[in-house]
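Colleague: With the input below, show me the fold.
(chains A and B)
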Amino acid sequence: MSNQIFKVTSYDKKTNARRGIIFTNHGLIQTPAFVPVGTAATVKSLTPSEIKDCNIDVFFVNTYHMLFRPGLEVIKKYKNLHEFMNWKGPLMTDSGGFQAFSLGEHGPRNNPISQTDHLIQINDEGINCKSAWDGKNLFIGPQESIKAQKILGADILMSFDECTFYPITKKRALKALERTHKWARICLKQRLINQLLYGIVQGSVFHDLRMQSAKFISELPFAGFAIGSVANSKEPREKVFQVLDWTLPILLSYLKPIHFLGIGEIEDIFISVSKGIDSLDCVTPTRLARMGWIFNKEAGLKNKFRYDIGRSEYIGNKTSLEKGCKCFTCNNFTKGYLNHLFRCRELLYYRLATIHNLNFFGNLMKKIRQSISEGIFTDLKDNWLYG
RNA sequence: CCUGAGAUGGCAGAGCGGCUCAUGCAACGGUCUGUAAAACCGUAUAAGGUAGGUUCAACUCCUACUCUCAGGA
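Modeller: Model (predicted):
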């Protein structure tokens, strides 16, 4: 096969974890991969070379945001997103479907000053969006999304789907599933060159719906699969992973890369990888860095492997953010300094904290990959979660 | 030395002759999972420079003193 897009190089013997490579037009993605989120065409506060130095192969840009700002006309002037950002590696774009959830009536923000539900309306054709920046109205359906993603030029595209909230009635979840399936077919009609389109499995926490969706999506000629609507932070954790247990046996039989949308606490990563997930994207390392959370293995599972650098106990602390960490931040600066920068909301804080956290994630994935090829993935996992 | 302004919680800083006295920062706790997040939420503590006076009642009005700041000699 001349155009191989995915190759598994090793399988773990005790779990469904697998190590592999996704081949893209802009280079390789080593899997399992962590995919940071760069919503507005930037992994906030980092330059492309800094991202790469964190052992990160690929990151996520959001089509919705690009459509409004800067607009596709601007991207066209640069040929594609890679040129625009000066990022030479692989890229993924989200379809915009997630914003119907994040900006819609069931969005995760319960903050009274940022009511967003008036910005998005969803129907069987797609979503009507109103720009929060200039009030401009825009319709995004499956066609519009893929056309936009073609122009953006990412290496991996997401099909346009409806992300559901939790809790949700089965009737409503079925509706979202039917829309997602209908839209999946429409997305596939677009001709793509050197771009991999992933189909998204929906079905909320309902066993039969997830099975139905996994079956439907997996039988379509997508380059890879993604599992959506499990990162709403409201559903019980066991249900999140139940969804993987239901759907992965079907998806894994195709030898195509599988992405888990929106998942990214450390424990979640280990569990997901052990079940067969090849890539996951999440906001955790970058957003939490900006909120003062520094990842650190010693903080342990009960603290979600992180601590709050802004706390008074770190004033003047002359140790590095994490013992043994080789990242730029840890090599050059102390907790006490970061504590100071954070309290002053100095710009340098955001960059240094993001560099450390992203290194933490990038290096963890590297260790996970190595452990899979060395046959010691379970040992690594147990060491982190229960050691 | 003169003139003027001022003195409020750990800090900064409003208002008010009378309810458990604003707000911000700091403290403490919480949230965040395909990013309108450099965000948001909650809790507790805590004051009236000193000495008098007026008043039913003073952090708020008056007097003196102390101190601070600005300008002047």
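Colleague: So the most centrally placed residue in chain A: helix, strand or coil?
Modeller: Most central in chain A under C-alpha atoms, centre = their mean is A:D281, positioned 1.6 Å from the mean C-alpha point. Judged by DSSP: H, G, I helix; E, B strand; the rest coil, the three-state class of A:D281 is strand.
Colleague: Now it. Nearest residue, chain neighbours left out?
Modeller: Using C-beta to C-beta, 6 or more residues apart in numbering and skipping the chain neighbours, the partner closest in space to A:D281 is A:V35 (3.8 Å). Every residue, glycine included, has its C-beta placed from N, CA and C.
Colleague: just A:I22 next, same as before
Modeller: Nearest one to A:I22, counting by C-beta to C-beta, 6+ apart, is A:I29 at 4.1 Å.
Colleague: Give me the neighbour count for A:R69.
Modeller: Counted with other C-beta atoms under 10 Å, residues neighbouring A:R69 total 12.
Colleague: if I pick it, what's in contact with it?
Modeller: A:A40, A:W133 (C-beta atoms under 8 Å, 6 or more residues apart in numbering).
Colleague: go again using 10 Å as the cut-off
Modeller: Counting by C-beta atoms under 10 Å, 6 or more residues apart in numbering, A:R69 makes contact with A:A40, A:A41, A:S131, A:W133, A:D134.
Colleague: Show me the strands in the stretch 151-300 of chain A, by range?
Modeller: A:156-158, A:196-201, A:224-227, A:258-260, A:279-282, A:293-295 (DSSP state E, counting those that start in this stretch).
Colleague: Take those and write them to CSV, including distance to A:Y337 and mean pLDDT.
Modeller: Below are those laid out as CSV (distance: least, C-beta to C-beta, whole Å; pLDDT from 0 to 100):
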stretch, distance to A:Y337, mean pLDDT
strand A:156-158, 38, 98
strand A:196-201, 41, 98
strand A:224-227, 40, 98
strand A:258-260, 35, 98
strand A:279-282, 27, 97
strand A:293-295, 12, 98
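Colleague: what would the ones you listed look like in JSON lines with distance to RNA strand B?
Modeller: Putting those into JSON lines (distance: least, C-beta to the nearest atom of the strand, whole Å) gives the following:
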{"stretch": "strand A:156-158", "distance to RNA strand B": "5"}
{"stretch": "strand A:196-201", "distance to RNA strand B": "5"}
{"stretch": "strand A:224-227", "distance to RNA strand B": "7"}
{"stretch": "strand A:258-260", "distance to RNA strand B": "9"}
{"stretch": "strand A:279-282", "distance to RNA strand B": "5"}
{"stretch": "strand A:293-295", "distance to RNA strand B": "5"}
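Colleague: Give the other helices and strands that the one helix or strand the residue nearest to A:D281 maps to contacts.
Modeller: Following DSSP states H and E, the helix or strand that holds A:V35 is strand A:33-36. If you count contacts as 3 or more C-beta pairs under 10 Å, 6 or more residues apart in numbering; DSSP states H and E, strand A:33-36 packs onto strand A:18-24, strand A:59-62, strand A:91-94, strand A:258-260, strand A:279-282, helix A:284-290, helix A:347-373.
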